[in-house]
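> Everything below, folded, please.
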Amino acid sequence: MAQVLLWGIEFLCCSSGVSEEKMRTNSIPELSRLVVGGPGEVLNVHKPLGRRQDKTLVYRGLSTNITLSVFTVTSKSMTVRWSSHTGASSYKITATPKNSLQPSVFAQFSGNFMMGSLNSLSPNTLYTMQVEAMDNALNVLSSAKTEEKTAPEVPTIEQAYSKQSNSITVEFTEVSGATSYILRAESETEDYFSETLVTGSPGTVIQLHPFTDYSLSVMSVNSGGRSQPSYPVQIRTVVVAPELNASSPSNDTIHVTWSPVEHAVLYTLCIIQQGSDSRVKLNTTEPMVTFDNLEAGTSYCIKVTAWDPDSRPGDDKTICQVTRPPSPGGVHVILTQGRSLGIAVYWHAIMGADGYIAHSSNGQNCTATGENTCVISPLDCGQNQSVSVTARNQAGLSEPSLPEDYITFPCPPENIWVEEHEAGSCWVAWNQVALVEYYMAFIKRDDGAEEQCNTTDTTCQFHCMCGYTYLTTVFAYNQAGSSPQGDVLNYTTIPCCPEDVSVELVSTETLEIMWSSVRGAELYETTAAQTDDVIHCNDTAPVCALSDLKCNSVYSVVVTPCSELRGCNRTCKPHAHETAPCSPEIVNVTQIDSSTVRVLFSAANGPGATCTVTAVGRTDRHTCHSQSTSCELTQLPCGTTYEVIAVATTAAGRSLPSYSMPLETGPCCPTVVNVEQVTQAMTNVTWSPGRGARSYVTALTSPRGHAKCHTLDTHCMMGCITCGTNYSVSLEAISSTGHKSQCNYHGFSSSACCPTSVKLYRMANNSLRVYWRSSGPPKTQNHTVDLYGTSSNYTCVPAPTSSSCDVQEVMCGDVYTVVVAPVALDGGRVRFCPHRMYSVSCSGSNVGMVIYRGKRSVD
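Purely as a prediction, here's the structure:
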């Protein structure tokens, strides 16, 4: 800005490049501090309107007659411009109220200016504006006048608010003389500016952005121009309304979804039933909601509002959605007659339905709009179907109604056949047909005889004779009527069966069959079930032989007559006959005792077969009989050989003999066995020879141990004998072929155990004491004590169960052998107990020191 001070008055110059229009609309970049009044008096200051800093002075040009025009006005100022005048050194601008007694206002400008402003004017007042061009002597060289009214007062904003996302409403004080108002809106980011002309308060600024901060001010307008903007207010637009998508998943629910609205923190939805005052209101933070318990086929309107973080409601939006219709009721069907069978479906009309669809369970359907009936056709026979009706509207389909069942007349039976289970009895059969209550079968023989059968089954029996042809047809019936006629079956009966069939056993494994010829048979097949129905004979002759059969088997022989036209009669009864029993096979021969042998054999014979086993020797024969798998030959002498054979017998005959098996009886047991104890741990066993025996196994057995000896001799020395123990004596005689005979004898008792820890001690009065310890049963064993010296011997009999004994008046100076031995039950003493040697010295005439000299062997 450039300033010029003339006659004590401050003048302003406009910025270069400022358009006239901007000055008129108070939108010039900067027009500031235009001072009017007397010298040194500042009357008004315009506030800056822009930021442009490049300023230039406007110098006057040359003109003969001065002109004056109003450039722009405000509520309390007016800017005019004039043309330059030759010789003028200054210009005086005077504003005089035309219809008011208020004083005039003037300002004087340097001759270099051609534009200036007068402040301190009254709002909404008509002024006469005069410009006077003056020379240096203040003489008026030229003048010009014009009239203009100042703008009204600056309005005051009372409140501003946003109820829609694209607009802000401003309420302000209306001022006198204003014909209209201008609402100015600027965004906080300075990327938006608009001015909206309104006629009064309130006024609304539109085409704004949602949830955006704006600065709003108001200017009053009259014929003179606009006032200065009011003090601005800051206001933010509300959020937009969600774009709703509604659907009806069922006839009592409506599901509403929307995309989340930016800056929205809460949504309020209200649903109103069309034609009703009832409404439901709810809040949610989720972008979806489901309204349930609604009426079917009814229109509902849903209004939604989004709330911003300042708890201000935004735009609202309303959509209407109809619920799906309810399921139709009262469904029933009627069969239609005519060339094409069909069903007419009826139902009750329901509210909210635009149309209906009738669905058949076989996939057929029909539709109706505006009516409550439609026809499904064509239909086939044998249908057991159901039909249900679904209503539809713009929301979708209802749930299907309860199905209504219907049936059509049955289809004719298919695949008819005749079975002749036995001569004279035939069965006509057919496949099961759906929806049938009963069947009627009609049978006509080729000689004119007729039969009919009424049944609920799929078979029907009729009397038929061999060699005839029968024509058969079957009809099916239900409540809808009879089926059409199906196929006609042509059936010829089979030849009759032979009556006098005879079966005879001509050898152990061959059967001969004979019969008389029958009418209608061209050849005969002879089979047996036990040979997998292999045809043994296929001939026109009434005789057949079945050979190479299994032994001990019952064969069911069937003679089947056959003809080329009908085939074979498989209903002839079988004739059974049994073959001879199978030859036994001897499995094992076991000797039970010295005179008894058990023979184990096997044979694939029935329980009625008896097996005879015979053992043939050089001089004798032995026989046994059994119906099981074993037989015992008794009273056989030991050490003898036989040949054993077996033969089976049944009511059908006698089998071939089995292969023979040699038999050798066990060797004879020795008649005499002797056991003699040699030492405390050894015995000598001897026995007499046994007939047929080659070697022997002798055993002494007790709970405390046993001893065994295997030898070719008739004697054996055995150790490991425990003293004071009862042994059982057994002997096993073995022949050269390995046959064995077990021989048991009277038991043997070993001698009592010799004591241990035998010690000799010196006592008083020329006596010695012998100590020992019993080493085996029985605990009450009696002992005898002997001392053998070179010159004298001593014997001491201790008390029963005692473990010591005192020997009196012993001669000293000798070597004594001490023997402590148990006393046997017969009063004798054990002779093989160990001896201990002691030296007994003299101490004067008495017994001195006793010294152990060691053991010595038994004598």
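> Nearest the middle, which residue of the protein would you pick?
Closest to where the C-alpha atoms of the chain average out (CA atoms, centre = their mean) is Pro249, at 29.7 Å.
> all helices in this protein, in order from the N-terminus.
Assigned by DSSP state H, the helices in the chain fall at 20-24.
> least trustworthy helix or strand in it by mean pLDDT?
Among the helices and strands of the chain, strand 3-6 carries the lowest confidence by mean pLDDT, DSSP states H and E, at a mean of 31.
> Sketch out the low-pLDDT regions of this protein for me.
Counting by pLDDT under 70, the ranges of the chain that qualify are 1-64, 338-339, 423, 533, 776-779, 856-859.
> Out of all residues in it, which is the farthest from the middle?
Farthest-from-centroid check, the chain (CA atoms, centre = their mean): Ala137, 115.6 Å.
> who's in contact with the nearest residue to Gly467 once chain neighbours are set aside?
Take Gly467 and drop its neighbours on the chain: the residue closest to it by CB to CB, 6 or more residues apart in numbering is Gly520, 4.6 Å away. In this view, the C-beta of every residue, glycine as well, is placed from N, C-alpha and C. Gly520 makes contact with Cys466, Gly467, Pro495, Cys496, Pro561, Ser563 under the criterion CB atoms under 8 Å, 6 or more residues apart in numbering.
> What sits closest to the residue nearest to the centre of the chain if chain neighbours are left out?
Nearest to Pro249 is His255, by CB to CB, 6+ apart, at 5.5 Å.
> What's opposite the one you found in the beta bridge?
Beta bridges link His255 to Ser247, Thr290 when assigned by DSSP bridges.
> Equivalent analysis for Pro97, please.
Beta-bridge pairing of Pro97 under DSSP bridges involves Tyr127.
> And Ser702, by the same measure?
In beta-bridge terms (that is, DSSP bridges), Ser702 pairs with Gly705.
> Tell me who's in contact with it.
So Ser702 contacts Thr722, Thr725, Asn726, Tyr727, Ser728 (CB under 8 Å, 6+ apart).
> and the nearest residue to the first one once chain neighbours are set aside, how many neighbours?
The one in question is Thr722. Distances taken as CB to CB, 6+ apart place Arg704 nearest to Thr722, at 4.8 Å, with adjacent residues excluded. Close neighbours of Arg704, defined as other CB atoms under 10 Å, add up to 15.
> Arg704 reaches Gly724, doesn't it?
No - in this structure, Arg704 is not within contact of Gly724 by CB atoms under 8 Å, at 9.1 Å.
> quick revisit: relative to Gln677, how far out is the residue nearest to Thr722?
15 Å (CB to CB, to the nearest Å).
> How about Val331?
In terms of CB to CB, Val331 sits 115 Å off from Gln677.
> which of the two has more neighbours?
Comparing Val331 with Gln677 by other CB under 10 Å, the one with more neighbours is Val331, at 21 against 17.
> got the contact list for the more buried one?
Contacts of Val331 (CB under 8 Å, 6+ apart): Val345, Tyr346, Trp347, Val387, Ser388, Val389, Ser401, Leu402, Pro403, Glu404.
> ChimeraX command to pick out the buried ones of the residues you listed?
Buried residues within these, by 16 or more other CB atoms under 10 Å, are selected in ChimeraX with:
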select :345,346,347,387,388,389,401,404
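> Which residues does His359 form beta bridges with?
Under the criterion used (DSSP bridges), His359 bridges to Asn365, Ser388.
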